[in-house]
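Mind looking at a prediction? Sequence and model below.
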Amino acid sequence: MPRVSTKQLSKLPSSENGTGVTCTTLSGEQYYISQNTDKGKHTLWRIVDSNYQKVAIADSPYDLYNKIDWQ
């Protein structure tokens with residue numbers, strides 16, 4: 001299981017201005033991968049009670065998929 005930040009945000013920062021994708025695990029947990037087009041970075045967020053917790057940042061969204069516990 002990835003190390004998750006305890007800080008929760010009610011909405012994503014305005015810097016996350018690109019296209020995003022929601023991922024749902026078999027257990028029902030939801031994650032969101034957002035994109036910062038200015039820096040060319042992607043961020044993985046865990047969705048908890050309609051809030052976002054930052055999990056990881058990478059250059060490619062494919063690098064973030066292995067940080068999700070799909071079970």
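Received the coordinates, thanks.

And residue 21, what's its pLDDT?
On the pLDDT scale, residue 21 is placed at 96.

Tell me what it is bridged to.
residue 33 (DSSP bridges).

which residues touch it?
Contact analysis of residue 21 by C-beta atoms under 8 Å, 6 or more residues apart in numbering lists 32-33, 61. In this view, the C-beta of every residue, glycine as well, is placed from N, C-alpha and C.

Kindly report the same for residue 39.
Applying C-beta under 8 Å, 6+ apart, the residues near residue 39 are residue 15.

repeat for residue 70
Counting by C-beta under 8 Å, 6+ apart, residue 70 has contacts 25-26.

could you say which helix or strand contains it?
Per DSSP states H and E, residue 70 falls between elements, in no helix or strand.

Redo the contacts of residue 21 as a markdown table? Include neighbour count and pLDDT.
Output for the contacts of residue 21, formatted as a markdown table (neighbours: other C-beta atoms under 10 Å; pLDDT from 0 to 100):
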| residue | neighbour count | pLDDT |
| --- | --- | --- |
| 32 | 17 | 97 |
| 33 | 24 | 97 |
| 61 | 18 | 95 |
